[in-house]
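Colleague: give the three-dimensional model of this entry:
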Amino acid sequence: MIIPELPDYLENLGGGEYKGLIISVFTITAGLSRPFSGKLADTIGRIPVMIFGALVCFLVGFLYPVFGSITAFMLLRLVHGFSTGFKPTGTAAYVADIVPYDRRGEAMGILGIAGSLGMAAGPAIGSEIAMRFSLETMFYASSFTALLSVIVLVGMKETLKKKVKFSFRLLRIHPAEVLEPRVFAPSVLMMLTAFPFGIILTLIPDLSAHLGFENKGTFFTALTLSSVLIRFFAGKASDKFGRIAVLKISTMLLAVSLVAVAFAASKETFLLAAILTGIAVGMNTPSIFAWTVDLSDPDFRGRAMSTMFIALEIGIGFGALLSGWIYSNDVANLPTSFLLGSVTSFMAFLYIQFYYKPNKDLKNENA
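Modeller: Below you'll find the predicted structure:
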């Protein structure tokens, strides 16, 4: 809800040159908190981890309008990152616990559909609220939706069988608990394909305004709606034909779609590029999620999902930071930034096509 309006909000605070930090600062704490959320999800349970992440989102939403300085805004973005650092880790582990092996791709596709519906409605509704009422109202509305998430979680049953009570000892992270080596391959692919998403989150609002869109969430709505539609089929396809087969198509399609965004010169071509990007993302994400679960040890599923999400944050963070630096608030530099995302997407295709060797013991992985 708030992402499309944050660049203008920061510029009004006098920090237009820091737009590249809006997403990258957020991802710092999101990434750093992943080892903790992964360990806690495997010890105290999936639901407490999800509730904590949702509560952070609820509280921070109320604080954005209270502070009116650039420094305070960046500190809030840091704290806000804990929401993404915890909530998705617990959610993905929870879903992996309750679905059968041969329907993981389908399940992750359904999970992605739910997230995509929120991502589709959020930017458009957020911008509409900001236009009709105020930015403060938009922040409060986003906080309220996070509270609804907490209410849903309270009524759910825990899936972790061997739970322990929380103690501060659990926050001691040993080096071996940070990353799960089993899921290195899907994490590499996630990092390379998340990089262009960091660019999209950072620069699409400005490109939308440049092309004459009053509602800067329109691109996100088109992207996520097309993503929702393809997820109905992509998850099942990865279960039937293998994760690798689907990912080869999705990474190449993502590379092409970023070229289309870079050279979009009208509203029509811009929205077409958004749809193409959404199709690529809708195929890519559930396949990587399911692939990560395939390779993970059930006893350390939280750590495995945490590792994959760390790669996600690294990709988004660096994508946002580098694209913001290249952009430098100059519209003429926008194509170069998006083309950089196309390059990393093509690198993901090359990795899975020529470098990675599939595990012959996993039927859903192989093409």
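Colleague: can you pull out the helices in this structure?
Modeller: 6-12, 21-41, 46-63, 70-98, 104-132, 135-154, 184-210, 218-241, 243-262, 267-295, 301-327, 334-350 (DSSP state H).
Colleague: which stretch in those helices has the least confidence?
Modeller: Ranked by mean pLDDT, these bottom out at helix 104-132, which scores a mean of 81.
Colleague: which helices and strands sit right next to that one?
Modeller: If contacts are counted by 3 or more C-beta pairs under 8 Å, 6 or more residues apart in numbering; DSSP states H and E, helix 104-132 sits against helix 70-98, helix 135-154, helix 218-241, helix 267-295. The way it works is simple: take the backbone N, C-alpha and C, and place the C-beta from them, glycine included.
Colleague: mean neighbour count and distance to residue 174 for the helices of the chain - can I get that in a markdown table?
Modeller: Shown next, in a markdown table, are the helices of the chain (neighbours: other C-beta atoms under 10 Å; distance: least, C-beta to C-beta, whole Å):
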| stretch | mean neighbour count | distance to residue 174 |
| --- | --- | --- |
| helix 6-12 | 18 | 36 |
| helix 21-41 | 24 | 9 |
| helix 46-63 | 22 | 19 |
| helix 70-98 | 21 | 18 |
| helix 104-132 | 21 | 29 |
| helix 135-154 | 17 | 29 |
| helix 184-210 | 24 | 19 |
| helix 218-241 | 22 | 33 |
| helix 243-262 | 23 | 30 |
| helix 267-295 | 24 | 21 |
| helix 301-327 | 25 | 11 |
| helix 334-350 | 21 | 30 |
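Colleague: re earlier: make CSV out of the helices and strands packed on helix 104-132 and add distance to residue 202.
Modeller: Shown next, in CSV, are the helices and strands packed on helix 104-132 (distance: least, C-beta to C-beta, whole Å):
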stretch, distance to residue 202
helix 70-98, 13
helix 135-154, 19
helix 218-241, 12
helix 267-295, 15
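Colleague: so which of those helices comes closest to residue 163?
Modeller: The closest of the helices and strands packed on helix 104-132 to residue 163 is helix 70-98. By C-beta to C-beta, the value is 12.6 Å.
Colleague: run the angle between that closest one and helix 104-132 for me.
Modeller: With axes from the mean of the first three to the mean of the last three C-alpha atoms, to 10 degrees applied, the angle from helix 70-98 to helix 104-132 works out at 150 degrees.
Colleague: show me what helix 70-98 is packed up against.
Modeller: helix 6-12, helix 21-41, helix 46-63, helix 104-132, helix 267-295, helix 301-327.
Colleague: report the contact partners of the residue nearest the centre of the chain.
Modeller: Central residue of the chain (C-alpha atoms, centre = their mean): residue 312, 6.8 Å from the mean position. The contact partners of residue 312, by C-beta atoms under 8 Å, 6 or more residues apart in numbering, come to 190, 191, 194.
Colleague: wait, what's in contact with residue 300?
Modeller: For residue 300, the contact set (C-beta under 8 Å, 6+ apart) comprises 42, 180.
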